[in-house]
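> build the 3D model from these lines:
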Amino acid sequence: MKVHFIAIGGSAMHNLALALHDLGYQITGSDDEVFEPSKSRLKTKGLLPPSMGWFPEKITQDLDAVILGMHARIDNPELARAKELRLKVYSYPEYLFEAAKNKKRIVIGGSHGKTSITSMILHVLQDQNIEADYMVGAQLEGFTNMVKITKSAPIMILEGDEYLSSPIDRRPKFHLYHPHIALLSGVAWDHINVFPTFDNYVLQFQLFADLIENNGSLIYYQGDVELVKIAEHARTDINTIPYNTPDFEIENGETHLIFKGKRYPLQIFGNHNLQNLRGAWHVLNQLGLEDEQILNSIQSFKGASKRLEVVIKTNKTAIYKDFAHSPSKLKATTSALKQQFPDRTLVACMELHTFSSLNKEFLEQYNGAMDKADIAYVYYNPHTLEHKKLPPISPELVAAGFNNPGIRVITNSDVMVDDLRKMDWNDRNLLLMSSGNFDGLDFKELAASLLH
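Here you go, the predicted model:
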């Protein structure tokens, strides 16, 4: 099989390219820029394009498939050539479905928690030596790639993103997977540039539930009003399974799950993560695993990359980084850390970096999102607004959106770092939250300098 990737350098795209290369496919690709870690990983396998840019001459009649990344524009010259030759052009999720169409498909959807839940399922399956193909949105400990495709695995675990599939396919990615087992973790409005109203956003999850295969299962978080409505209106052949927060105790900064009178120590913590675990647990039960197998394996799960990930930890201080950027994620992450260490001062820093978070119409959604932090910083770079072609916003407007008089809104990350370096970090925790990196901030270097 010969497959060409248009925009091979993307996080998802390069992982699919690596997976198909490992399967023995002949892979080529193009991109106008490729950053780390994609660059090194593609280079190691001999898949890094020798020159940056778009080269229509790479698109030839002998290609079995062309996969189009979201980063490519609709007027891409390689795409135009593929259409001219009438080649089959797949979006990323379309190709994943093609690879999984003869397997049992498990799709994890929701506005938050998708990566964590998918990671938990994969961790337990690997620990129990159960073969599975997968696609997950973060690098996991013990897994080489974020995508795995084999001919032998009977099941495929797919993280189901609601964002668009490609520049020429405006369907949400998770609408293309048609799961046998589906999980929805929650609905909290996001991607305002694509889904202009909350109702339109909720509709995507309703449509997803309608696309579950005949006699399939829908596992859903019972604490979400919108999900309860979706489950109530699900087709009669679908088995609906609600989940909630399992029983747990926190002792000396360590969380223990309580089940049938037994205590199971966990390395993850916070109500949201425990809800994620309960959802993953139901999926694993549906796949035939016993409760005891799941609980024994999950104890060694440390979490997905950038999901409440420890940067450095001492007896007096813990510094975490997290991908959180939407209101629901900020609230869940700050609450988790404060709940785990109630006697420590929590310093939380977040960066407004996504299209939605920098949109003045969306800012009011952040009302109360960082109230659990004792000291809170919100950072954004005005140049990011220019880059995303958004109108400027003022620090005062951002502060009003969060509706917390104690929050400090800054537009220079150096100011935040200087403040952090002046603090006494005894009995104090730091939480750094962003889908970016605070304009090139090295989290490990910062953490080491604070605790020197």
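
> CA only for contacts and neighbour counts going forward, please
Noted.

> and for the residue most central in space within the chain, nearest residue in space, chain neighbours not counted?
The centroid of the chain falls nearest to T115 when counting by Cα atoms, centre = their mean (4.5 Å). Nearest residue to T115 in three dimensions, chain neighbours excluded: G137, at 5.7 Å (Cα to Cα, 6 or more residues apart in numbering).

> so the residue nearest to the centre of the chain sits in a strand?
No - looking at T115 with DSSP: H, G, I helix; E, B strand; the rest coil, it is helix, so not inside a strand.

> quick one: the helices in the stretch 51-200 of the chain, in order.
77-84, 92-100, 114-127, 198-210 (DSSP state H, counting those that start in this stretch).

> out of those, which is the most enclosed?
The highest mean neighbour count among the helices of the stretch 51-200 of the chain, using mean count of other Cα atoms under 10 Å, belongs to helix 114-127: a mean of 24.

> other SSEs contacting it?
Counting contacts by 3 or more Cα pairs under 8 Å, 6 or more residues apart in numbering; DSSP states H and E, helix 114-127 is packed against strand 104-109, strand 155-159, helix 271-286, helix 291-298.

> N437 versus E351, what's the distance?
According to Cα to Cα, to the nearest Å, E351 and N437 sit 8 Å apart.

> mind checking which of these two has more residues around it?
It is E351, of E351 and N437, that has more neighbours when counted by other Cα atoms under 10 Å, with 27 against 17.

> now the residue nearest to K306 when sequence neighbours are not counted: phi and psi?
Counting by Cα to Cα, 6+ apart, K306 lies nearest to D322, which is 4.6 Å off, once chain neighbours are set aside. With angles defined as degrees, to the nearest 10, D322 sits at phi -150, psi 150.

> kindly report the same for I268.
According to degrees, to the nearest 10, I268 has phi -100, psi 160.

> I figured it hits T255, correct?
Yes - counting by Cα atoms under 8 Å, I268 does reach T255; the two are 7.3 Å apart.

> restrict stretch 142-160 to CA atoms and write it as CSV.
Below are the C-alpha coordinates for stretch 142-160, written out as CSV (Å, rounded to 0.1, in the frame of the first residue of the first chain):
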residue,chain,number,x,y,z
GLY,A,142,4.7,2.3,27.9
PHE,A,143,3.3,3.1,24.4
THR,A,144,5.5,3.9,21.5
ASN,A,145,3.0,5.9,19.3
MET,A,146,-0.4,7.6,19.8
VAL,A,147,-1.8,5.4,17.0
LYS,A,148,-1.6,1.6,16.6
ILE,A,149,-3.1,-0.3,13.7
THR,A,150,-2.6,-4.1,13.3
LYS,A,151,-4.3,-6.8,11.3
SER,A,152,-4.8,-9.0,14.3
ALA,A,153,-6.3,-6.9,17.1
PRO,A,154,-10.1,-7.6,17.4
ILE,A,155,-10.9,-4.2,19.0
MET,A,156,-9.9,-0.5,18.4
ILE,A,157,-10.1,2.2,21.1
LEU,A,158,-10.6,5.6,19.6
GLU,A,159,-10.5,9.0,21.3
GLY,A,160,-13.5,10.8,19.7
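
> thinking again about what came up before, report pLDDT for the residue nearest to the centre of the chain.
Looking at T115, its pLDDT stands at 91.

> can you check G142 too?
84.

> what's the answer for T354, then?
87.

> wait, A332 sits on L274?
No - applying Cα under 8 Å as the test, A332 and L274 come out as separate, 11.2 Å apart.

> who has more neighbours out of the two?
Counted by other Cα under 10 Å, A332 and L274 do not tie: L274 has more neighbours, with 22 against 19.

> surely that one meets E249?
No - assessed by Cα under 8 Å, L274 is found out of contact with E249, at 11.2 Å.

> joint contacts of the two?
Shared contacts of L274 and E249 (Cα atoms under 8 Å, 6 or more residues apart in numbering): none.

> now do the SS call for K389.
Applying three-state DSSP: K389 is coil.

> any idea how far it is from E445?
When distance is defined by Cα to Cα, K389 is 32 Å away from E445.

> ok, now G186?
The spacing between G186 and E445, counted by Cα to Cα, is 35 Å.

> please identify which of these two sits among more neighbours.
Per other Cα under 10 Å, whichever of G186 and E445 has more neighbours is G186, with 23 against 10.

> please name the nearest non-neighbouring residue to that one.
G110 (5.0 Å).

> run a quick neighbour tally on that neighbour.
22.

> state the distance from it to Q204.
Applying Cα to Cα, the value for G110 to Q204 is 10 Å.

> for I230, same thing?
11 Å.

> can you confirm E36 is in a strand?
No - per three-state DSSP, E36 lies outside any strand segment and is coil.

> phi, psi of it?
Taking degrees, to the nearest 10 as the convention, E36 sits at phi -70, psi 150.

> what is the burial count for F55?
16.

> quick one: the helices in the stretch 351-452 of the chain?
382-387, 395-402, 413-422, 443-450.

> which of the ones you listed sits most buried?
Ranked by mean neighbour count, the helices of the stretch 351-452 of the chain are led by helix 395-402 with a mean of 18 (mean count of other Cα under 10 Å).

> what's next to that helix, contact-wise?
Applying Cα under 8 Å, 6+ apart, the set of residues contacting helix 395-402 is 360, 363-370, 405, 407-411.

> find the nearest non-adjacent residue to I74, please.
In space, I74 is closest to P167, 5.5 Å off (Cα to Cα, 6+ apart).

> domain ranges for this protein, per the record?
Taking automatic domain parsing as the reference, the chain has its domains at 2-87, 95-298, 309-450.

> how distant is the longest one from the center of its chain?
Chain-centre distance of domain 95-298: 11 Å, with Cα atoms, centre = their mean, to the nearest Å.

> right, and the helices and strands packed on helix 114-127 - which one's nearest I212?
strand 104-109 (9.5 Å; Cα to Cα).

> what lines up beside that closest one in the sheet?
strand 155-159 (parallel), strand 181-184 (parallel) (DSSP bridges).

> which of those sits most buried?
By mean count of other Cα under 10 Å, those have strand 181-184 as the most buried, with a mean of 27.
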